[in-house]
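[1] show me how the following folds:
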Amino acid sequence: MPTLHEKKIQETSVPVGYFVENLPITPSKRKRGQTFQTNPHRMAQAAAYMSAKFESNSEGKDFKLCWKDKGGLTVGAEFVRFKEGVTKAQAIESAIVNWDKCERARVEKYNTELIIALARMRIVRFAREGTALPPYIPQELRVNNRTIKYNLISDEFEEHYNIIKAVHEGLKGRKIGRPNHMII
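    Got it, this is the predicted structure:
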């Protein structure tokens, strides 16, 4: 039977930024006595990937954005700048579109392989049992809700937009922050 493969960095992230300085050495990756970064994926000017993560089982079906290096390790936003001509909105849209396209392809591949595997097992069973009895498909060779449904960020984005818009309206009415604070 087919298995749903784990997502790779190219399926969850897009290279829309770069590192402004060498990233700090993570304690787990540090070699004895090493005080500087040697990983080329974590050096200044290396590609920074904006990663989208979708949690379809959470309340509100949350999606999160974070920065990663090419190896998939999380990076703080203070080390990243957007590439020339790329806005934050464009980067977020690219990350969501990439995530959705790759998730759709991943699920379609799994569902197709599942249906083909079950059909092959039915054919083998029929060939083995012959035509003496009418054909019967046992429960374990039926699809029976084994296919996976897409969980795409774009399908739920309207809800995210409405939540952020409601928060914005609430904050706007509170008269806190600029221009309502005084500098003495």
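[2] longest helix of the chain?
    In the chain, with assignment by DSSP state H, the single longest helix is helix 88-129.
[3] check which helices and strands that one is in contact with.
    In terms of contacts (3 or more Cβ pairs under 8 Å, 6 or more residues apart in numbering; DSSP states H and E), helix 88-129 is packed against helix 9-12, strand 13-19, strand 47-55, strand 62-68, helix 153-172. Any C-beta I mention is one placed from the backbone N, CA and C, and that applies to glycine too.
[4] can you put those in CSV and add mean pLDDT and distance to residue 133?
    Listed next are the helices and strands packed on helix 88-129 as CSV, based on pLDDT from 0 to 100; distance: least, Cβ to Cβ, whole Å:
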stretch, mean pLDDT, distance to residue 133
helix 9-12, 90, 46
strand 13-19, 97, 54
strand 47-55, 88, 47
strand 62-68, 87, 52
helix 153-172, 86, 45
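[5] against residue 122, how distant is residue 147?
    According to Cβ to Cβ, to the nearest Å, residue 147 stands 16 Å off from residue 122.
[6] ditto for residue 22
    57 Å.
[7] equivalent analysis for residue 70, please.
    The spacing between residue 70 and residue 122, counted by Cβ to Cβ, is 44 Å.
[8] before we move on, back to that, dump the helices and strands packed on helix 88-129 to JSON lines, plus mean neighbour count and distance to residue 41.
    Listed next are the helices and strands packed on helix 88-129 as JSON lines, based on neighbours: other Cβ atoms under 10 Å; distance: least, Cβ to Cβ, whole Å:
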{"stretch": "helix 9-12", "mean neighbour count": "16", "distance to residue 41": "10"}
{"stretch": "strand 13-19", "mean neighbour count": "22", "distance to residue 41": "9"}
{"stretch": "strand 47-55", "mean neighbour count": "21", "distance to residue 41": "8"}
{"stretch": "strand 62-68", "mean neighbour count": "17", "distance to residue 41": "10"}
{"stretch": "helix 153-172", "mean neighbour count": "12", "distance to residue 41": "25"}
